[in-house]
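Mind folding the following:
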Amino acid sequence: MPRPLHKLSPRAVLTSSEPGRYGDGGGLYLVVSPSGSRKWVFRFRWKKRLSDMGLGSASVVTLARARERAAAARLQLSEGINPLEEKRAKRSIPLFGVFADELVISVKDQWKNEKHAAQVQSTLVRYAAKIRSMPLDQIETAHVLQALRPIWTTKAETAGRVQSRIQWVLDAAKAQGYRTGENPARWKGHLDQLLPKRSQRTKKHHAALPFAEVPAFVQDLRGKEATAALALEFIILTATRSGEVRGATWSEVDFEAAVWTIPASRMKAGKEHRVPLTPAMVALLESLLPLTGDLPTNFIFPGPKGPTVGLSDAAFSALLRRMGRDGAVTAHGFRSSFRDWCGETTNYPRDLAELALAHAVGDMTERAYRRGDALAKRRVMMREWSIFCIPGSDSLDDDAIVTSVEDEPEAQAAA
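Predicted coordinates:
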């Protein structure tokens, strides 16, 4: 005897609020979730296995339309066709490469700069080439491993980024309904069982100059007539990142207070960072004023196209190549030189050095209660670092130290 159909009424569809399944007959169900959302589901048996096929949200699909879709599915079953597989076959599944490129474009405004978006896309183009032409729903663990294994031990840092970015793309594909099941690119509990642990791989560090060689390098650098040379000297003296220096404008510099304030939008951690300017740093900046003009929007270290366009990162590579240091030294590596100098030749606390590098100091609780940035104490430390890098550039005696500290408001408050 056939099961009765059309057991639900339009009113029941609107008023049913308790979570659960409400059968209409013939495999059609109204499913109410704990959150209160409603959807239509067609339940059927295929090869002794129960399957559910979504027929749409009950807020959009009417009871009459849901019955039509369920009837069409029953007809397919009578003809030996699995309605769920037929539905999936008819749906266009994007290729990994097309979907990844569109995903990067759709979210790039959330990232700090376009350079990051370009880096994400380039790694997915170059290192995920083996899966770019595959439909999203066909990518399995073996395909992900084919992309990762050639670089997993030789390009460890890059490989880690590629793995996380493939995982991100496939997670987004699942969220949009193009995939089901577990993510074949996930690390924990999956790829970590199939690839060497990250701790067993060699992490690539930026090539750094031993701190004892920095004074001679700076002296050599000062003999080069190039904006990139001045910018690199400023990077060394301030222990900042190359991008922070390349993007610096005159609006960020307060000569009266001797402070360079890098806005949060240009910092890696997304937090404003103040850099105390030593006499050597101020002298360097003042030498640039006649060349760039002091318009607030002008870049301090302009590129070849004028003061409204900053230096490119490639300018440092070209400079180091001309100095015969290509590959042996990087602009970023001088942060390590500064850190080693602090740790090995001075008594400045570790936290002070880390603050100078704009690193997070302490756990979340400590950071929540930390209000100051120890600018006064950092000024003394950075002044000593400047003297180390450029001997004779300043006289740092006891009186100078006291004066430099007492000039700072935070030092007066603590006194």
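
When you work out contacts or count neighbours from here on, use the C-alpha atoms and nothing else.
Will do.

Looking at residue 396 now. What's its pLDDT?
Predicted confidence (pLDDT) for residue 396: 43.

same check, this time on residue 76
So residue 76 comes in at 92 (pLDDT).

before we move on, what about residue 325?
Residue 325 is given a pLDDT of 85.

how close does the residue nearest to residue 234 when sequence neighbours are not counted get to residue 335?
Distance criterion Cα to Cα, 6 or more residues apart in numbering; nearest residue to residue 234, sequence neighbours excluded, is residue 281 at 6.7 Å. Shown here: residue 281 relative to residue 335, a distance of 16 Å by Cα to Cα, to the nearest Å.

repeat for residue 8
Taken as Cα to Cα, the span from residue 8 to residue 335 is 70 Å.

Of those two, which one has the most company?
residue 335 (24 against 16; other Cα atoms under 10 Å).

ok, the residue nearest to residue 234 touching residue 239?
No. If you go by Cα atoms under 8 Å, residue 281 and residue 239 don't touch, sitting 11.5 Å apart.

neighbour count winner among the two?
Each of residue 281 and residue 239 has its neighbours counted (other Cα under 10 Å); residue 239 has more, 25 against 19.

how far away is that one from residue 315?
Residue 239 is 18 Å from residue 315, by Cα to Cα.

Same question for residue 127.
26 Å.

Could you check which of those two is surrounded by more residues?
Counted by other Cα under 10 Å, residue 127 and residue 315 do not tie: residue 127 has more neighbours, with 20 against 17.

residues in contact with the nearest residue to that one once chain neighbours are set aside?
Distances taken as Cα to Cα, 6+ apart place residue 147 nearest to residue 127, at 6.3 Å, with adjacent residues excluded. Counting by Cα atoms under 8 Å, 6 or more residues apart in numbering, residue 147 makes contact with 127-131.

Next: residue 264.
By Cα under 8 Å, 6+ apart, the contact set of residue 264 is 270-273.

rerun that using 7 Å as the cut-off
Neighbouring residues of residue 264 by Cα atoms under 7 Å, 6 or more residues apart in numbering: 270-272.

Mind listing what's buried along stretch 276-285?
For stretch 276-285, the neighbour count (16 or more other Cα atoms under 10 Å) marks 276-282, 285 as buried.

Looking at the residue nearest to residue 234 now. What's its pLDDT?
At residue 281, pLDDT is 94.

before we move on, which element is it in?
helix 279-292 (DSSP states H and E).

for that helix, the distance to its chain's centre please.
In terms of Cα atoms, centre = their mean, to the nearest Å, the centre of helix 279-292 is found 33 Å from the chain centre.

Off-centre distance for the following helix or strand past it?
Proceeding N to C from helix 279-292, the next assigned helix or strand is strand 302-303, under DSSP H and E. Centroid separation for strand 302-303 versus its chain: 26 Å, with Cα atoms, centre = their mean.

Okay, now the sheet partners of strand 302-303, with direction.
Each strand paired with strand 302-303, and its direction, by DSSP bridges: strand 306-310 (antiparallel).

can I have the strand it pairs with written out in CSV, keeping just the CAs?
Extracted in CSV, the C-alpha atoms of strand 306-310 (Å, rounded to 0.1, in the frame of the first residue of the first chain):
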residue,chain,number,x,y,z
GLY,A,306,59.8,61.4,-7.7
PRO,A,307,58.8,62.1,-4.1
THR,A,308,55.3,60.8,-4.5
VAL,A,309,56.5,57.3,-5.2
GLY,A,310,58.5,55.3,-2.6
